[in-house]
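K.L.:
With the sequence up front, the predicted model follows.
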Amino acid sequence: MLSVVFGMGAALVADMLALRFGFNKRLSRFEVDTIRFLSQVVTSALALIVLTGAFLFLSNPEGYLGSAKFLTKMTVIGVLCVNGYFLHRFVFKHIGDPRILTSPRARNLRKLGFALGAVSLISWITALSLGVLSRISISYELAMVIYFAVLMFGILVSQKVETVLLEPKRGTRQRHK
């Protein structure tokens, strides 16, 4: 549970800072270093969650295979691991580029970053929620349908937020007299 709290805390702070830092459409060296440090905290927390989850599973495989809550949480953690891989593979290696938030050529990368940020935010909140619940009263399948529906909604919202925050305003002209 402590790993989830640290991982979620670092992920939420990184997401909020990236959003906040993006308002001025450029990232300073300090801001980039801060986001990278927080991503290392998230990666470490995820590794610890996977390790403790594996040990927990091995203590009672039959019981945990029958637990919708455990299976849901492990699926969410799996999504976080894959999401983290894509963040590191595609987004974080370019985060120091001074034009990442303004260049039209970086638009797809920004959109990917916002989508992966939404997946991260929703997944960490889900993992923490599942960690504090004593049990869930729905099936694994229904939990997955709800989780993936919320993920899709979050990704759609993230794309709108990226457009509103970082796309140049179209149709506005400054008049010079």
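P.N.:
Happy to help now that I have it. All of these numbers come straight from a predicted model, not from anything done at the bench.

K.L.:
which regions of this structure sit below the pLDDT cut-off?
P.N.:
1, 19-25, 168-177 (pLDDT under 70).

K.L.:
hmm, 50 instead?
P.N.:
170-177 (pLDDT under 50).

K.L.:
tell me, what residue is most central in it?
P.N.:
For the chain, residue 120 is the residue whose C-alpha lies nearest the centre (C-alpha atoms, centre = their mean; 1.6 Å).

K.L.:
residues touching that one, list them.
P.N.:
11, 15, 80, 83-84, 87 (C-beta atoms under 8 Å, 6 or more residues apart in numbering). Every residue, glycine included, has its C-beta placed from N, CA and C.

K.L.:
now those residues: which count as buried?
P.N.:
With burial judged by 16 or more other C-beta atoms under 10 Å, the buried subset of the contacts of residue 120 is 11, 15, 80, 83-84, 87.

K.L.:
Distance from the chain centre to the longest helix along the chain, please.
P.N.:
When the chain is parsed with DSSP state H, its longest helix is helix 29-59. Relative to its parent chain, helix 29-59 has a centroid offset of 12 Å by C-alpha atoms, centre = their mean, to the nearest Å.

K.L.:
Please point out which parts of it sit buried.
P.N.:
For helix 29-59, the neighbour count (16+ other C-beta under 10 Å) marks 31-32, 34-35, 38-39, 41-43, 45-46, 49-50, 53 as buried.

K.L.:
Same check on stretch 125-138?
P.N.:
Applying a neighbour-count criterion of 16+ other C-beta under 10 Å, the buried positions in stretch 125-138 are 125-128, 130-131, 136.

K.L.:
now do stretch 55-72
P.N.:
Using 16+ other C-beta under 10 Å as the test for burial, stretch 55-72 gives 64, 67-72.
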